[in-house]
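[1] Quick one, what's the 3D model for this:
(chains A and B)
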Amino acid sequence: MALDRWIALIFVALCFVYGYAAFFTMDQLLPPILQRNPIWPSTFPKILAICGVIVGLVVLFGSKPPKVDAAAKARGLDPLEADEAPDDAVIDLKRLGDYNVWQAVALLVAMVVYALMLRPLGFLLATVAFLVAGGALLGERKFHIMILVAVIATGVIWYLVQEVLGIFLSPLPRFM
Amino acid sequence: MLEGILIGLSAAVTPFNLMMVVFGCVIGTLIGMLPGLGPMSIIAIMIPVAIGLGDPTAALILLSGVYYGAIFGGSTSSILLNAPGVAGTVATSFDGYPMARKGQAGKALTIAAIASFAGGTIGAILLMIFAPALSSVALLFHSAEYFALMVVGLSAIAAFAGTGQVGKALMMTILGLMMGTVGEGALSNMPRFTFGVMELQSGFSFITLAMAMFALPEAMFLVMNPARSTQGADGGKITNLRITRQEARTIAPVIGRQSLQGFFIGVLPGAGATIASFLGYAVERNIAKGDEQKEFGKGSIKGLAAPEAANNAACTGSFVPLLTLGIPGSGTTAILLGALIALNVTPGPRLMTDQPEVFWAVIISMYIGNLVLLILNLPLIPYIAKILTVPRTYLIPFILFFTMMGSYIGQNNSTELLILVGFGVVATILRFADYPLAPLLIGFILGTMLEDNFARAMQLYRGFSFIIERPMTLGLLVLAALLVILPSYRRLRANKRAQGVADGD
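    Prediction:
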C-alpha cells in the first residue's frame, strides 16, 4: 500500500476518534440552558467527523491516476491540471535511501534539544550551540568562522527581538 | 475612489511605512531567491516581526512587500539556476533558464522585472476598481451566505488542486477544520478536544502551524536533497541588462493580456499564481505564430514575459477575496489573514468602511512596492544574486532557527517548539505522499469563522432550514458540491477511457 493510502487510513482512524469524542463525550457536559440552543458545541465537529470519514474512505479506496510529471504537462496544453507544487516531484519516495535522511533526523533532534535547553541554558548560549551544531551536522568543518557567524547573528537577533520588538528572551543560563 | 486614494496615500506615504515597503521588498527578494523557500514560508517567518510593529497598516504593507519580493526573487533563481523557489515561478524557468544559458541572463532578468512590475501594477489598478464594488455587494450577505461562501472557497481550493488531488486536498481541508476546533470555541467557553492538556486550551497557534506546514518541510527537503540547492551558478557575471525597442514592442501585448488574465485567475479561490503562470504560458504559446512558437522553451522572450506578468497579477488578484470577503483564496493570503486577525483587523466587506486607511494603504503600497522592486532590483540584481552562493551549512541552520524563533516569540513557551517539530515531521511526511498542505492551513484559519457563521445562521433559523429558505445560500452550496464532484467525475471518465485504450492495445 502506498504511503498516501496509509495516511488516508490514519486519517479515517483519526476521524473516528474525533467523531467519538464529538458524539459521545461532549454533550453530557452541556449545561441544560444551552441544550435548548439549535446548535451545540458538538454540532460542527459531528458534521466534520462524518465528512472526514467519507473523504478519507474515498481517498483510501479511490482509483489512482497515472502519475504524470506536472511540469512536463504544463509545457503542453493542459495547464489547469498542473500540480499545486510541481517541484515536489523532485523528491521521489522510492529513492528515499539516496537522500540525507539521517541529517534531517539529526537536525530535528537538534531542534528538540534546543527547545528543551532554551530556558535552562538561556537564549544566547542555546542559540549559538544550535547554529554551530546544525552547521556541523551538515558537514561544516571551519568552526572558527561558523562560531564567529553564529555568535554575531545570535547577538544581533537577540538585540532586535529584545529592543526593537520588545519581547523578553531570557538571555543567560538559569543559574546566572 | 479618489477620496480613498488620498486616504491611502496619507497612510502609506509616511517615512516609516515607506521604509517598511523597501525593507519588505528587500527581505522578500533575498529570501525568495533561495531555492526551496516560497513566499508562504517567508511570510510565516516575518509575521512575528509584523505583529511586533503593532500597527496593522505598517504590518500589512510589510507583509505584502515581502510577498511581492518573494515572487520576484523566485523568478531570479528560476532564471539563473533553473531552481524555482516557488511553484508560481516554475513556468518562468521554461524560457528564462535557456536564455541565461545563452548568456542573456541580464536581459532575462530585466524582462522578468518589467513584466512583474507591469503585472503587479495592472493588478493593483484592477484591484482598486473591483474590490470596492465587490465589497458593496458583500455587505448584503448574511451569515448564512457567508457560511456558504466559505464552503465554496474551501471546495474551490480543493477543486483546483489538480488531477487526482481533489480528494487529498479535501481531506487536508477537513483536517485543518478539525484542528481549528481544538481549544475553547467561540460558541461557549467549553474547551473542546483538548484531552485535558493545558497547552491546547487556547488552541493551536496559527504561526506555529504555518511554520510547521511550510518552512520546516521545505528546509527538510533542502537537507535531504542537496540537488535542490544546486550551487555553482556562474555567479556574478550578469551583464547587459538592456533590452531593445523591438523586444519591448514584442512583449508589451503579452504583458497586457497576461496581466488581465492573471488577475482574474488570481481572484478565484485556490487558483492563484501557479495556475495563472502555467495558463499564461500555454495561452501565449498557442497564439504565437509560426517561428515564435518554436522559440518557446528555447529562450523566447514572450515565454518569459507571460508567466511573470501573470503570476504577479494573480498575486494581486488573490487580495480581492481576502480584502472584500475576508476569505483567503491561497495559502499566502490565509497567512496574511491570520496576521491581520492577530492585529485586530477583520478583513471583509466592512473593512472599507471601518478601516479605510488599512484598505487603501495596502493598495497604494502595492504600487510603491512594485516601483521599489523595479528600481531597487534592476541595478542590484548582479549583487543580490550573490546570495545564491551562501553555503547550505550556514543557510539551513539559520532557516530552522528563524522558524523556531517565529513560533517561540509569539507564545514565549518552549512547548510550542515541540509542537512545531511534531507538526513539521507530520507535514514533511504528508508532502512525501503528495498531500497539498495549503488547504490544511486555510481550513484551520477559516474554521473558526466558518463555525461562527454557521452557528449564527442556525440560531436565526432555529435549525438547518436556512439552507432551503435562502436561495443564495442553497445556490452557493450546490456550486460547492459541483466544484468537488465534477473533477472527480471527469477523472473517473478519463480513467475509463484510458483503460479502454489499454485494452485496445
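
[2] Quick one: residues contacting the residue in chain A that chain B sits nearest to.
    Closest residue of chain A to chain B, C-beta to the nearest C-beta: A:Gly134 (2.9 Å). Yep, even glycine has a C-beta here, placed from its N, CA and C like the rest. By C-beta atoms under 8 Å, 6 or more residues apart in numbering or on different chains, A:Gly134 lies in contact with A:107, A:110, B:396-397, B:400-401.

[3] who wins for neighbours among these?
    B:Pro397 (28 neighbours; other C-beta atoms under 10 Å in any protein chain shown).

[4] Pull up the per-residue confidence for the residue of chain A closest to chain B.
    Looking at A:Gly134, its pLDDT is 90.

[5] And A:Ile10, by the same measure?
    Looking at A:Ile10, its pLDDT is 93.

[6] Same question for B:Leu175.
    Note on B:Leu175: pLDDT of 93.

[7] dump the residue contacts of it.
    Neighbouring residues of B:Leu175 by C-beta under 8 Å, 6+ apart: A:11, A:14, A:52, B:440, B:443.

[8] Kindly report the same for A:Val53.
    Each residue near A:Val53 by C-beta under 8 Å, 6+ apart is listed here: A:12, A:15-16, A:19.

[9] Most neighbours among the residues you listed, which one is it?
    A:Cys15 (25 neighbours).

[10] For the residue in chain B that chain A sits nearest to, grab phi and psi.
    Nearest to chain A in chain B, going by C-beta to the nearest C-beta, is B:Pro397, at a distance of 2.9 Å. Dihedral pair for B:Pro397: phi -60, psi -40, per degrees, to the nearest 10.

[11] I'd assumed A:Val128 was in contact with it.
    No: using C-beta atoms under 8 Å, B:Pro397 is not in contact with A:Val128, being 10.9 Å away.

[12] residue contacts, the residue found closest to B:Asn82 once you drop the neighbours it is linked to in the chain?
    Of all residues not flanking B:Asn82 in the chain, B:Tyr97 sits nearest, at 4.1 Å (C-beta to C-beta, 6 or more residues apart in numbering or on different chains). Residues in contact with B:Tyr97 (C-beta under 8 Å, 6+ apart) are B:78-82.

[13] List buried residues within the contacts of B:Leu175.
    Buried members of the contacts of B:Leu175, scored by 16 or more other C-beta atoms under 10 Å in any protein chain shown, are A:11, A:14, A:52, B:440, B:443.

[14] So of the residues you listed, which two are at opposite extremes in space?
    Farthest-apart pair in the buried ones among the contacts of B:Leu175 is A:Leu14 and B:Gly443; separation 14.3 Å (C-beta to C-beta).

[15] I figured B:Arg456 hits B:Ser143, correct?
    Yes: using C-beta under 8 Å, B:Arg456 is in contact with B:Ser143, at 3.9 Å.

[16] Can you tell me the centre-most residue of chain A?
    The centre of chain A sits closest to A:Leu108, judged by C-alpha atoms, centre = their mean, with a distance of 11.2 Å.

[17] Okay, and it sits in which element?
    Taking DSSP states H and E as the definition, A:Leu108 sits inside helix A:101-121.

[18] Buried residues of that helix, list them for me.
    Applying 16+ other C-beta under 10 Å to helix A:101-121 flags A:103-104, A:106-108, A:110-111, A:114-115, A:117-118, A:121 as buried.

[19] Strands of chain B, residue ranges please.
    With strands called from DSSP state E, chain B shows them at B:183-184, B:191-192.

[20] that older thread, contacts only, for the residue nearest to the centre of chain A.
    Neighbours of A:Leu108 in contact, by C-beta under 8 Å, 6+ apart: B:220, B:421, B:424-425.

[21] ok, which of the residues you listed also contact chain A?
    B:220, B:421, B:424-425 (C-beta under 8 Å from any C-beta of the partner chain).

[22] quick check, nearest of those residues to B:Met449?
    Taking C-beta to C-beta as the measure, B:Met449 lies nearest B:Gly424 of the ones next to chain A among the contacts of A:Leu108, at 25.8 Å.

[23] Got a quick PyMOL command for the buried subset of the contacts of A:Leu108?
    Selecting only the buried entries of those in PyMOL, with 16+ other C-beta under 10 Å as the criterion:
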select buried, chain B and resi 220+421+424+425
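
[24] Mind picking the two most distant members of the contacts of A:Leu108?
    Greatest spatial distance in those: B:Met220 and B:Val421, 10.7 Å, computed using C-beta to C-beta.

[25] Enumerate every residue touching B:Thr92.
    Contact partners of B:Thr92, counting by C-beta under 8 Å, 6+ apart, are B:74-75, B:78-79, B:84, B:112, B:277, B:304, B:307-308, B:311.
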